[in-house]
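> Model the following, please.
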Amino acid sequence: MSAYKHSAFDTAVFVPPDPIFEVTKRFNADQNPQKVNLGQGTYRDGNAKPWVLPSVREAEKSIVDAGHEYLPIEGLQSFRDEASRLLFHDTSAYKENRIATCQSISGTGSLLLAGLVLRKGHSGIENIIITDPTWSNHELLFGEIGYHVVKAPYYKNQTFDFDGYLNTLKTADKRSAVVLHACAHNPTGCDPTREQWKQIATVIKDNGIFPIIDSAYLGFNSGNYEEDAWAVKYLIDKLGLEAAVCLSFAKNMGLYGERVGLTAIITKTEERKTTVFSLLQQCQRQTVSNPPVHGARIAAAVLANPDTSKQWRQDLLTMSLRIKSMRQRLFDELLRIETPGDWSHIVNQTGMFGYTGISKPQIEALEEKHHIYMADTSRISLAGLNEHNVEYVAKALDEVSSGLTSQLIVSRSSSFITPDMTFVLSGKITNRSRAARNLTFTIRASGATFRRDSIVPLLRYTSSTATTNATAALEATRTNTPLAKGADSPLAELPPLVLYRSLFVNAISSRPWLLIPSLHLLQRLSHAGNPYLFNVSRNPLLRSILKHTFYKQFCAGETGAETQATMKALQDMGFKGTILTFAKETVFDSKTGTQQGHGIEASTKSESQWCKNIEAWRDGTLKTVELLREGDQLATKLTGAGPDVCEALHNDSQLPKQFVDACYEISQKVKDRGAYILIDAESQHYQWGIFRLGMELQEKFNTDGNVVLYNSYQAYLKSTQDTLKNHLQIASDKGFTLGIKVVRGAYMSSDPRSLIHDTKQDTDDNYNQIAQGILRRDFLGFGGSSAKPFPSAQLLLASHNKESLVKAHELHQERTKANLPTVPVKFAQLHGMSDEVSFGLLQLKDDKGVSPEVYKCTTWGTLGECMAYLTRRAIENRDAASRTLDEYTALKNEAWRRLAFWR
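Next comes the predicted model:
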């Protein structure tokens, strides 16, 4: 045999193995029974086993005898049709036949086809913008077919680097395409909000950038296919952009080995679609000739059959919820054992993957000492966690993280410590690190303030100046506490006329011998059909007295112009916005069995009259919507729609279609204005029907972590926590964000006494438990150490109780500063009441000088329409005598302060 002389591969360069597949290879070779694979991006059930979706298992039965013939170049027609219909059915591009589709080899093949078609189509695109970091195949794939790959910063400080990413798009070469992750960004798990998506899409459109949308996780991310597809539809339908949408059914159907994907290219015209389709065929032919058939048949069968399609959507929810629950369980366990570091990003991320943020040495230690495998980028697959291994993983993370904390503390120099600093040190760090104990001694020796806090993961400090200012503002909300030197009176912002009218009204409200007869009079005036003497619409003297006292104190106006003037005045005082309600409502008195209300006739009318009632309520509510600005809130009384609606609400039966349609129309218009809806709590005679409709509307509109509608929960009711538990479960199961408005309650005079807590203290305790449990995301068996993840939620605390609100604000600030998972919160008080509390909250600014979001709730409508509302305000003042007296004292002190200033 002759000696070796030459090989065609002498200059070939060895390519290192793919790091992700190498992780799985090492995992498979490991014989340790406790080994955990957090590297592979495939779904596993609660026992770490592959899961064949029930919908897929059922669909496979129908294709047993389908044969094994070649498919056409473009793939299986039924699959292409069903996949297109699923995603695009409600878009103009689909209806106008402007979408060219081709079956692909899963998501990778779909991206490859998109890149090749742009090349062959002479698009002029030379650059492909990808996120940094991103799925490793993005750079490899587009670079290999000749594009210049540009990396846009995407991840910073454990969250989405929106500014960095947007700036890259703004300065991008116009000969560029951008690879977008439709949802569940791989590998970070950080998705843009809808508002951020809108800004990103606008820049893409303005700069002429072509979007390639990697859509590998639709439905798998949130459990709702339509919700996950929102960004796709916004780009192609709302903005009308041409785009390539690259679909994979590996994750959302569990068809990993079947390699089922679709390339869908949206064009401007049907003619262009025909051309693009021919390019897709050519690119497919020159790469794989034609795609495999079996997986495409399964996917088509799942989607085409209504039963399996419905089951598939349930399967999506099952997978999504398990992954979300594992996120929460891992975080809760890390928090429970006080693992050093901030781990809140674990629960703030979304989808199958997430970044832990640990270092390569720590990753190596996890593998070597604990047999836990993950990518060297610190990306983990949450699907690899289950109830059998999550505590083990958390303890391992805790162990490898502890050394890092000691290094951080040792690096702190004692020379920077001054007496005006306040230090917060984790108790766990102190126990573990000699350096931490030494630093503790140095802090105390330097005269700085020191305290331990077991829930704060790392050392931090604040200046005493900031602490003093916050304390002064907080204490100013307590009537009998003197203001700190230099602090403004909370009521200093009240205009003189408003101050003295408030003083007059509260002088009556704080004196039972004046309030009780006034209340009886208001109750008499609230009845429809009163004789002339007691008719607020017909008696001009009575009307004038009420209009310029109680009405102006609590109501916004009788006309749109009056109302908007009041709203502007409130905003000028520093409030975030206005909660505005239309006055028509019905109050049911359980003691008399009667309905009261000027908005409608109390007796049942004919069909034509019923329609007029609904139409009048709809028109009045839509007029209210027109008065709202972005960020304002609509408070709606559903009973204002008439007796037939009230009857249906009482019976929890089917509501009139006209009314339901109106509710959906109103919700959409409010959403379009960037405003919110608070569905007011009403007497228990109607409340269960109101809750049912409210949850239906929330499921429709409260998507993608955003809230349009809130339900109202009354803390004075014994059943409220059970109701909330049920609603949290529904929100968790159906994957929408629960809007929670908590009030104490305003129907004590009409609701059955047996439903209400026995004492005021019981009501106060209930309110505080609800508020603080939700803020902590640990309530009623959801979140915390429980197996159930806390669903997405947003909180509005409507209360006049200073103690409750200050506690809630302090908790929110504390958890926010510690980067703990915290439900967003807003505060609200009624217009004309508890101004001392409202302005005191506005003074509680954070370190950046930002006040909490405080709203004033008011109503508008004619004096007659507002009488039921005014009566309830009087009852509230009667039932909260101590608070009313405090408020009167504060108003009186402010009046004396102003008079003293002018002397």
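
> burial count for the closest residue to Glu682 other than its chain neighbours?
The shortest distance from Glu682 to any non-neighbouring residue, by CB to CB, 6 or more residues apart in numbering, is to Thr639 (5.7 Å). All C-beta spots, glycine's among them, are computed from the backbone N, C-alpha and C. The local packing of Thr639 (other CB atoms under 10 Å) involves 29 other residues.

> Which pLDDT value belongs to Thr639?
Thr639 is assigned a pLDDT of 87 by the prediction.

> and it, helix, strand or coil?
helix (DSSP: H, G, I helix; E, B strand; the rest coil).

> do the same with Arg313
When states are read from three-state DSSP, the local structure at Arg313 comes out as helix.

> Now it: closest residue in space that isn't a chain neighbour?
On the basis of CB to CB, 6+ apart, the spatially nearest residue to Arg313 that is not a chain neighbour turns out to be Tyr225, at 6.9 Å.

> Then Thr723?
Nearest-residue entry for Thr723: Tyr713, 6.5 Å, with adjacent residues in sequence omitted and distances by CB to CB, 6+ apart.

> In terms of helices and strands, where is that neighbour?
Assessed by DSSP states H and E, Tyr713 sits inside strand 709-714.

> Repeat that for Lys568.
Since the elements are taken from DSSP H and E, Lys568 ends up inside helix 560-572.

> Can you give the contact residues for that helix?
Under the contact criterion CB atoms under 8 Å, 6 or more residues apart in numbering, helix 560-572 has outside partners 495, 556-557, 577-578, 580, 623, 626-627, 629, 632, 831, 856, 858, 860.

> ditto for stretch 668-676
Under the criterion CB under 8 Å, 6+ apart, residues 622, 625, 628-634, 677, 701, 707-710, 739 lie in contact with stretch 668-676.

> Assign a three-state SS to Gly146, would you?
At Gly146 the chain is in coil, as set by three-state DSSP.

> Correction: the previous question concerned Lys741.
In terms of secondary structure, Lys741 is strand; the call rests on three-state DSSP.

> can you check Gln794 too?
Put simply, Gln794 is strand when judged by three-state DSSP.

> Let me know how buried it is, in neighbour terms.
Residues lying near Gln794 (other CB under 10 Å) number 20.

> measure the residue lying closest to it once chain neighbours are set aside to Tyr256 for me?
The spatially closest residue to Gln794, leaving aside those adjacent along the chain, is Val707, at 4.5 Å (CB to CB, 6+ apart). Relative to Tyr256, Val707 is positioned 35 Å away (criterion: CB to CB, to the nearest Å).

> Looking at those two, which one has more neighbours?
The neighbour count for Val707 versus Tyr256, taken as other CB under 10 Å, is higher for Val707 (22 against 18).

> So the more buried one is in contact with Phe736, correct?
No - proximity of Val707 to Phe736 does not meet the contact threshold set by CB atoms under 8 Å, at 9.2 Å.

> picking that back up, mind listing what the residue nearest to Gln794 touches?
Remark: with contacts taken as CB under 8 Å, 6+ apart, Val707 is in contact with Tyr676, Thr737, Gly739, Gln794.

> Verify the stated contact: the residue nearest to Thr723 with Arg744.
No - assessed by CB under 8 Å, Tyr713 is found out of contact with Arg744, at 10.2 Å.

> before we move on, the earlier item: show me the contacts for the residue nearest to Thr723.
Contacts of Tyr713 (CB under 8 Å, 6+ apart): Ala681, Thr720, Thr723, Leu724, Ile740, Lys741, Val742, Val743, Ile770.

> mind running it again at 7 Å?
For Tyr713, the contacting residues are Thr720, Thr723, Leu724, Ile740, Lys741, Val742, by CB atoms under 7 Å, 6 or more residues apart in numbering.

> one step back: thought Gly219 was touching the residue nearest to Arg313, still the case?
Yes - applying CB atoms under 7 Å, one finds Tyr225 in contact with Gly219, separated by 3.7 Å.

> which SS class is Pro33?
Under three-state DSSP, the three-state class of Pro33 is coil.

> If you rank every helix and strand of this structure by mean pLDDT, what lands last?
The least trusted helix or strand in the chain, going by mean pLDDT, DSSP states H and E, turns out to be helix 464-475, with a mean of 34.

> continuing past the helix or strand hosting Arg57, what's the next helix or strand?
Assessed by DSSP H and E, Arg57 sits inside helix 54-60. Counting by DSSP H and E, the element after helix 54-60 in chain order, helix or strand, is helix 77-88.

> Can you name every helix or strand that that following helix contacts?
For helix 77-88, the contact count by 3 or more CB pairs under 7 Å, 6 or more residues apart in numbering; DSSP states H and E identifies strand 99-105, strand 260-266, helix 294-304 as packing neighbours.

> cutoff 10 Å now
In this structure, helix 77-88 makes packing contacts with helix 92-95, strand 99-105, helix 225-228, helix 230-233, strand 243-248, strand 260-266, helix 294-304, helix 306-336, judged by 3 or more CB pairs under 10 Å, 6 or more residues apart in numbering; DSSP states H and E.
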